[in-house]
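Participant: show me how the following folds:
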Amino acid sequence: MDNTGEDAAAAARWGDMDADCLVEIFRRLPLDDVAAAAPLVCRSWRAAAGDASLWRELDLRGGGSATGTRFMPWSPLAAAFAARYGVRRFSFAGYLRLCVARAGGSAVEIALPPLLGAPELDLVSLRCPALRRVSLPALPAADDARLPDVVARWHSLEHLELEYRPASFPATAARLGASCPRFSGLKMAGAIREQDAAAMATSLPRLKHLCLDGCYLPKQVLLAVIHGGPELEALSAKLCVGFDEGDEDVAREAAMIARFEVGGSRLVDKFDQRDADGQDDDTSSYVDVM
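Facilitator: Here you go, the predicted structure:
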């Protein structure tokens, strides 16, 4: 039985669907499908896929992969662009330019993958002025030094997630405090220093939500963070090294914080404990964590 006519009629009905309805449907699709597949179905789908509202929240991380394989030349996304658009040299830089162009300056959230280059960071900082939430990977030293100037362009920024504590954090915090009046949320990994705690107290006194899970966080630094955050409503320091989760001093000082979570945190890690027991004089684990 020939169903060609019925299939054509069904396609026509989908193509005739109201643009707002198509946009709502596309909103439930993965961003990669909206970028690579939907625009090729018909003109109405192409128009709907270009609606700026679909590109306001850009999660461009590697699909859960720490190495960002989603954007490698051999990835399924690269294959889709090669097959459908004839793109021979797929790259994250090109995909980012596509996303930013379709957002048209309206993007409010972006999460960027590892191995981010300076041109891509500049593109986001200049072409996405309305960002409210930003997630950044660990940056090379040169880009780390430029981070204060980058964040200062996002005047609407409310939340910043840093995969690793940047060396420029004190300067970055100062620019956040001066340029982003609604900034209230920070998530950061790595080794937290006394100067970082001081920067939070001095430059980010309105900080309400702070996540330092998995950090190297000595007790005195944690106490400085607590004392320097008078408006903190939520502080998570789970699975940290540098203080014990049952420390009574820490619990007492943090009593005014509505949500305070320190589960799994310990004074030393399992390798350092051998030093404490006198079983091993190797202190390399302290060097590694710093």
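Participant: so residue 100 versus residue 76, what's the distance?
Facilitator: Shown here: residue 100 relative to residue 76, a distance of 22 Å by C-beta to C-beta, to the nearest Å. Where you see a C-beta, it was placed from the backbone N, CA and C, and this is true even at glycine.
Participant: which one of the two is surrounded by more residues?
Facilitator: Of the pair residue 100 and residue 76, residue 100 is the one with more neighbours under other C-beta atoms under 10 Å, namely 20 against 12.
Participant: where are the low-confidence patches of the stretch 1-150 of the chain?
Facilitator: 1-16, 62-68 (pLDDT under 70).
Participant: quick one, helices of it?
Facilitator: 4-15, 19-26, 31-36, 43-49, 76-85, 92-103, 118-127, 141-151 (DSSP state H, counting those that start in this stretch).
Participant: next one: the stretch 151-290 of the chain
Facilitator: Under DSSP H, counting those that start in this stretch, the stretch 151-290 of the chain gives helices at 169-179, 194-203, 219-227, 248-253, 270-276, 284-289.
Participant: closest to residue 156 out of those helices?
Facilitator: helix 169-179 (10.2 Å; C-beta to C-beta).
Participant: what lies in contact with that closest one?
Facilitator: The contact list for helix 169-179, computed with C-beta atoms under 8 Å, 6 or more residues apart in numbering, reads 147-149, 151-155, 157, 160, 162, 166, 183, 188, 195-196, 198-200, 202-205.
Participant: in PyMOL, select just the buried ones from those residues.
Facilitator: Here is the PyMOL command that selects only those of the contacts of helix 169-179 that count as buried (16 or more other C-beta atoms under 10 Å):
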select buried, resi 147+148+151+152+153+154+157+160+162+166+183+188+196+198+199+200+203+204
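Participant: show me what contacts residue 103?
Facilitator: 52, 55, 56, 58, 128.
Participant: neighbour count and distance to residue 26 added to these, as CSV?
Facilitator: CSV is the format used below for the contacts of residue 103 (neighbours: other C-beta atoms under 10 Å; distance: C-beta to C-beta, whole Å):
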residue, neighbour count, distance to residue 26
52, 14, 12
55, 21, 10
56, 19, 13
58, 22, 14
128, 23, 20
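Participant: reformat these as JSON lines; add distance to residue 95.
Facilitator: Formatted as JSON lines, those follow (distance: C-beta to C-beta, whole Å):
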{"residue": "52", "distance to residue 95": "17"}
{"residue": "55", "distance to residue 95": "12"}
{"residue": "56", "distance to residue 95": "17"}
{"residue": "58", "distance to residue 95": "10"}
{"residue": "128", "distance to residue 95": "15"}
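Participant: what is the burial count for the residue nearest to residue 57 when sequence neighbours are not counted?
Facilitator: Nearest residue to residue 57, sequence neighbours excluded (C-beta to C-beta, 6 or more residues apart in numbering): residue 109, at 4.4 Å. Residues near residue 109, counting by other C-beta under 10 Å, number 17.
Participant: does residue 109 have beta-bridge partners, and which?
Facilitator: residue 57, residue 133 (DSSP bridges).
Participant: that one and residue 131 touch, don't they?
Facilitator: Yes. Between residue 109 and residue 131 there is a contact under C-beta atoms under 8 Å: 7.0 Å.
Participant: now do the residue nearest to residue 57 against residue 93, distance only.
Facilitator: 20 Å.
Participant: now swap in residue 225 and tell me
Facilitator: For residue 225, the distance to residue 93 - C-beta to C-beta - is 37 Å.
Participant: of those two, give the one with the bigger neighbour count.
Facilitator: residue 225 (25 against 14).
Participant: what's near enough to touch the residue nearest to that one when sequence neighbours are not counted?
Facilitator: Among residues not flanking residue 225 along the chain, residue 197 sits closest, at 4.7 Å (C-beta to C-beta, 6+ apart). By C-beta under 8 Å, 6+ apart, residue 197 lies in contact with 221, 222, 224, 225, 228.
Participant: stretch 152-162: end-to-end distance?
Facilitator: One end of stretch 152-162 sits 15 Å from the other (C-alpha to C-alpha, to the nearest Å).
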